[in-house]
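Visitor: the amino acid sequence is not available; the structure is as follows:
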């Protein structure tokens, strides 16, 4: 898993989609399955393996486009919110004790840092 750029971009793309789903469900006043239905934070390795399987046969160009699209969707969503909406804990009921920004950081900058390090290591 995550042994090449395609795998890494597929992983990032899928986490974008999961966040967008959490947001959509949560903003309807419902409770989204975070991180995904049937998974919890302790079972992330199993979820990530499922994500890998979903994208492993996709070409790099295709997954690159999917990644760009989902990244833009998340960034547009972020741009539509105030700092208070993004970073005040419990502002939205669906985020539990967290701020929505904590989830966004997880699917964007923290994940991108992980990806950058992995790709950099792979290039050695």
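Guide: Structure received. Here the structure is a predicted model, which means the values were calculated and not measured.
Visitor: host element of the residue nearest the centre of the chain?
Guide: Taking Cα atoms, centre = their mean, the centroid of the chain lies closest to residue 15, which sits 2.5 Å from it. Under the criterion of DSSP states H and E, residue 15 resides in helix 5-27.
Visitor: other SSEs contacting the helix or strand just after that helix?
Guide: Next helix or strand after helix 5-27 toward the C-terminus (DSSP H and E): helix 44-55. Of the remaining helices and strands, those touching helix 44-55 by 3 or more Cβ pairs under 8 Å, 6 or more residues apart in numbering; DSSP states H and E are helix 5-27. From N, CA and C alone the C-beta is placed, and that goes for glycine too.
Visitor: quick one: average pLDDT of the helix it packs on?
Guide: In this model, helix 5-27 has an average pLDDT of 97.
Visitor: what's the answer for stretch 109-124, then?
Guide: Across stretch 109-124, pLDDT averages out at 88.
Visitor: so what's the residue nearest to the centre of the chain closest to, chain neighbours aside?
Guide: Nearest residue to residue 15 in three dimensions, chain neighbours excluded: residue 107, at 4.6 Å (Cβ to Cβ, 6 or more residues apart in numbering).
Visitor: which residues touch the one you found?
Guide: Residue 107 makes contact with 12, 15, 16, 18, 19, 74, according to Cβ atoms under 8 Å, 6 or more residues apart in numbering.
Visitor: for the helix holding residue 15, which positions count as buried?
Guide: Within helix 5-27, the residues that qualify as buried are 5-19, 22-23, 26, counting by 16 or more other Cβ atoms under 10 Å.
Visitor: okay, the residue nearest to the centre of the chain and residue 97: tell me how far apart.
Guide: Residue 15 is 21 Å from residue 97, where distance means Cβ to Cβ, to the nearest Å.
Visitor: what's the answer for residue 40, then?
Guide: Residue 40 is 16 Å from residue 97, by Cβ to Cβ.
Visitor: just residue 121 next, same as before
Guide: The value you get for residue 121 to residue 97, if Cβ to Cβ is used, is 34 Å.
Visitor: could you do residue 108 as well?
Guide: Taken as Cβ to Cβ, the span from residue 108 to residue 97 is 20 Å.
Visitor: done for today, thanks.
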